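> Here's a sequence, model it:
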Amino acid sequence: MSIGNDRLVEKVIQDENVHYIHMVFNQDEGLPEHFSNSTVYMTVLRGTLSIGLDEQKINKYYAGTVLKIPFNTKMNVKNLDAEVLELIVVKAPAPQN
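Modelled structure (predicted):
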């Protein structure tokens, strides 16, 4: 896994069982709004995750938080804060598409 503060979406493990993804986002960076294609386990390693799920307002989660996001949930993943956001995302079971 890479170490640093530059924007990163790094697919560390991607096989038929699990997808293990390392992400780093600076302020005002994130992912395009999308629907989860598996059950997603998201761990905040550092910084503050700002995430909106389905039609909920954006909530903030801090380092040490683990979220479980069900399959087919609309996700809006952002870093709205000055501190670098670092995440581990595990998709299990691995998406079929």
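> CA only for contacts and neighbour counts going forward, please
Noted.
> which one in this protein is furthest away from the centre?
residue 16 (19.7 Å; C-alpha atoms, centre = their mean).
> For that residue, give me its contacts.
Each residue near residue 16 by C-alpha atoms under 8 Å, 6 or more residues apart in numbering is listed here: 93, 94.
> What of the one 3 residues further on?
Shown in contact with residue 19 (C-alpha under 8 Å, 6+ apart): 11, 12, 13, 89, 90, 91, 92, 93, 94, 95.
> What count of nearby residues applies to the last one?
Right, the one you point to is residue 95. If you count neighbours by other C-alpha atoms under 10 Å, residue 95 ends up with 17.
> State the distance from it to residue 63.
Residue 95 is 26 Å from residue 63, where distance means C-alpha to C-alpha, to the nearest Å.
> Then the fourth one?
Going from residue 89 to residue 63 by C-alpha to C-alpha gives 14 Å.
> if you count what's nearby, which of these two comes out ahead?
Comparing residue 89 with residue 63 by other C-alpha under 10 Å, the one with more neighbours is residue 89, at 20 against 15.
> ok, back up a step: mutual contacts of residue 89 and residue 63, please.
Here residue 89 and residue 63 have residue 43 as joint contacts, going by C-alpha under 8 Å, 6+ apart.
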